[in-house]
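>>> generate coordinates for the sequence data below:
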Amino acid sequence: MAHIHEKIDFTVAIFIVHAAKILVIHHRKLDKWLPLGGHIELDEDPEQAALREAKEESGLDVELLGERPPTTSPGTRALLAPRFLDIHRINETHEHIGMIYWARPKNSAAVKLATAEHHDIRWCSRDELETLSPPMTDAVKWYCRQALAEITAAA
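Predicted coordinates for the structure are as follows:
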């Protein structure tokens, strides 16, 4: 999706863990290994965006992990808290505020490649993150390792 605002947009990143492996994509346009994710559209909340992006980019239905406060009432719906937030520069005049979610697949862990957007999609162990080409950035690798540690420990 195109940028909604000229200076800043909200995005989601979904780190999906299954069987001690994490799902990553080799983004075609950016030539980087990344988690699934994308822009939050005007007609959706962050949870809806994360679920949509996971399905569009991998074919997986996922369960987002985290804490939802018990504060939903008429006119208010509590949202699942992202595990982390970040802000990252896209170019000299544009930034993204990223909502970073942990998730696990609801069904089969078989994935399909969104070929229009990605060169590759694969499940990686912690050690396999070191062998990706081009190399994964340290920041993305840190989130992958953290998601693997937290979700594997909770299983």
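>>> bridging residues for residue 32?
Applying DSSP bridges to residue 32 gives these bridge partners: residue 27.
>>> can you tell me how far it is from residue 47?
Distance from residue 32 to residue 47, counting by Cβ to Cβ, to the nearest Å: 25 Å. Bear in mind the C-beta positions are built from the backbone N, C-alpha and C, glycine included.
>>> out of those two, which sits in the more crowded spot?
residue 47 (19 against 16; other Cβ atoms under 10 Å).
>>> what is the burial count for residue 31?
By other Cβ under 10 Å, the residues close to residue 31 number 9.
>>> count of neighbours near the residue nearest to it when sequence neighbours are not counted?
Computed as Cβ to Cβ, 6 or more residues apart in numbering, the closest residue to residue 31 that is not its neighbour in sequence is residue 134, at 6.4 Å. Around residue 134 sit 9 other residues, with neighbours defined as other Cβ under 10 Å.
>>> if I look at residue 134, how far off is residue 92?
In terms of Cβ to Cβ, residue 134 sits 23 Å off from residue 92.
>>> now residue 52
On the measure of Cβ to Cβ, residue 52 and residue 92 end up 29 Å apart.
>>> more neighbours, those two?
residue 52 (15 against 5).
>>> confirm that the more buried one sits in a strand.
No. Secondary structure of residue 52 (DSSP: H, G, I helix; E, B strand; the rest coil): helix, not part of a strand.
>>> how about it: what's its closest non-neighbour residue?
Distances taken as Cβ to Cβ, 6+ apart place residue 44 nearest to residue 52, at 6.9 Å, with adjacent residues excluded.
>>> using the three-state scheme, assign the one you found.
coil.
>>> so it is in contact with residue 50, correct?
No. The pair residue 44 / residue 50 is not scored as a contact, 9.5 Å apart, by Cβ atoms under 8 Å.
>>> and these two? Which one has more around it.
A direct count of neighbours by other Cβ under 10 Å for residue 44 and residue 50 places residue 50 higher, at 27 against 14.
>>> what bridges to the nearest residue to the more buried one once chain neighbours are set aside?
Counting by Cβ to Cβ, 6+ apart, residue 50 lies nearest to residue 12, which is 4.4 Å off, once chain neighbours are set aside. Beta-bridge partners for residue 12, by DSSP bridges, are residue 38, residue 99.
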